[in-house]
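Visitor: What shape does this take:
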Amino acid sequence: MIDPDRLILLGEIGSAHGIRGEVTVRCFTQEPKNIASYGPLTDKDGQRTFNITGLRVTPKAIIAKFAGVDDRTAAERLRNTRLFVKRSRLPEPEPGSYYYEDLAGLAAVDAGGRVLGTVTGVANYGAGDLLEIADPDGRETFFVPFTDETVPSVDLPSGRATIILPVFAEDDAGDDSDTSDGD
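Guide: Next up, the predicted model:
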């Protein structure tokens, strides 16, 4: 079940930019400029609120100005601050699209319904999205490609994602079953 009060990560503040309190922001929204579309952002604890008063997209970074941050020193103190918004303030994703936070906690099951583990998150190391799944004991995790072939079904209301584990060809090079003596 989707929790409307769950916080969704939209970005992370980077370095100060200039002397007037601007900062770079790494955005996790589909369109980087949309980070300013959802109203005030908060930190993970909801203790601090950040109102974007200016935003521009440059070829190298998103540059943002926040209310009350008027100099480089104040901007530098914000470095590495993660920016969140409540799930209820975001638009519903298109069918087949998901907010990564909505996937965390889903039961990962195979096509027969056997529990493989729990989805703990989504990672992307440059070659596409991967679902991270903790085994049922929670001691180890493994990744599966987040593709239609590997994850054919995500059912948020029931809290399940169906996973088709990739099958790898067996390596016959190490097969010791050949008992011929080579003559």
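
Visitor: Please make it C-alpha for all contacts and neighbour counts, starting now.
Guide: Noted.

Visitor: mean confidence score for stretch 143-162?
Guide: In this model, stretch 143-162 has a mean pLDDT of 94.

Visitor: so how far is it off the chain centroid?
Guide: 15 Å (C-alpha atoms, centre = their mean, to the nearest Å).

Visitor: what does stretch 26-45 give?
Guide: Counting by C-alpha atoms, centre = their mean, stretch 26-45 comes out at 14 Å from the chain centroid.

Visitor: mind listing what's buried in it?
Guide: By 16 or more other C-alpha atoms under 10 Å, the buried positions in stretch 26-45 come out as 26, 27, 32, 35, 36, 40, 41, 42, 43.

Visitor: Name the surrounding residues that touch the helix or strand bottoming out on mean pLDDT in the chain.
Guide: Using mean pLDDT, DSSP states H and E, helix 100-103 stands out as the lowest-scoring helix or strand of the chain, at a mean of 88. Contact with helix 100-103 is made by 2, 8, 119, 120, 121, 122, 156, as judged by C-alpha atoms under 8 Å, 6 or more residues apart in numbering.

Visitor: How many residues are close by residue 50?
Guide: 17 (other C-alpha atoms under 10 Å).
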